[in-house]
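**Q** have a look at this prediction, sequence included:
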Amino acid sequence: RSLHFLETRGFTEVMRFFDNVLDMADFDADAWAARAPAPAGVRIVSYADLSAELGEDAARDAYYRGYLAARADVPRAAPATPVSPEDFRQRLASPRFLPRGTLLAVTPGGAVAALSELEQEDDQRGRLNTGLTGTHRDWRRRGLALALKVAALRVARDLGAREVWTGNATKIGR
């Protein structure tokens, strides 16, 4: 009724947002891991592990490039706000950022083809939020997002999360 009320007054729905909550007690991460392997040659690593392997600057740069590519197609009602390298560094300095909970699909050439982020919820113990999960256009339809989501949920389990929340958006029309 609310949507009808607004539509009769000239408003148009352009986006719909919704949350999904996974109770970790109901999720068998190990069973899902067997059903969601990464494609041959692609490794799934945490940002923490990639930083230890390549050094902080190289890992951050690879993550930044992968982040920009993945967020290019996020549904939105207006053009995306640019994210500068400095803006990105500030995201990584946030207390919500979990280096171990940021999973990256890294190609044999070292590029980040896809990513899935877990974030610490400021005021709720036992709850983690999913930030961006996305895949570079050239790597879509190969199972990377599912493999990353399952890997992230295994990390959430290991961190003792009771719930993992994720928000989704659907662009309507236009």
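**A** Received the coordinates, thanks. In this text, all values refer to a predicted model and were calculated from it rather than measured experimentally.
**Q** quote the end-to-end distance of stretch 95-113.
**A** End-to-end distance for stretch 95-113: 25 Å, by Cα to Cα, to the nearest Å.
**Q** tell me which residues in that stretch are buried?
**A** Within stretch 95-113, the residues that count as buried by 16 or more other Cβ atoms under 10 Å are 97-99, 101-107, 111-113. From N, CA and C alone the C-beta is placed, and that goes for glycine too.
**Q** ok, now stretch 32-47?
**A** 32, 36, 38, 42, 44, 45, 46, 47.
**Q** can I get the residues you listed in a markdown table including pLDDT, secondary structure and distance to residue 60?
**A** As requested, the buried residues of stretch 32-47 are arranged in a markdown table below (pLDDT from 0 to 100; DSSP: H, G, I helix; E, B strand; the rest coil; distance: Cβ to Cβ, whole Å):
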| residue | pLDDT | secondary structure | distance to residue 60 |
| --- | --- | --- | --- |
| 32 | 88 | helix | 29 |
| 36 | 87 | coil | 27 |
| 38 | 91 | coil | 22 |
| 42 | 96 | coil | 20 |
| 44 | 97 | strand | 18 |
| 45 | 97 | strand | 14 |
| 46 | 98 | strand | 13 |
| 47 | 98 | helix | 8 |
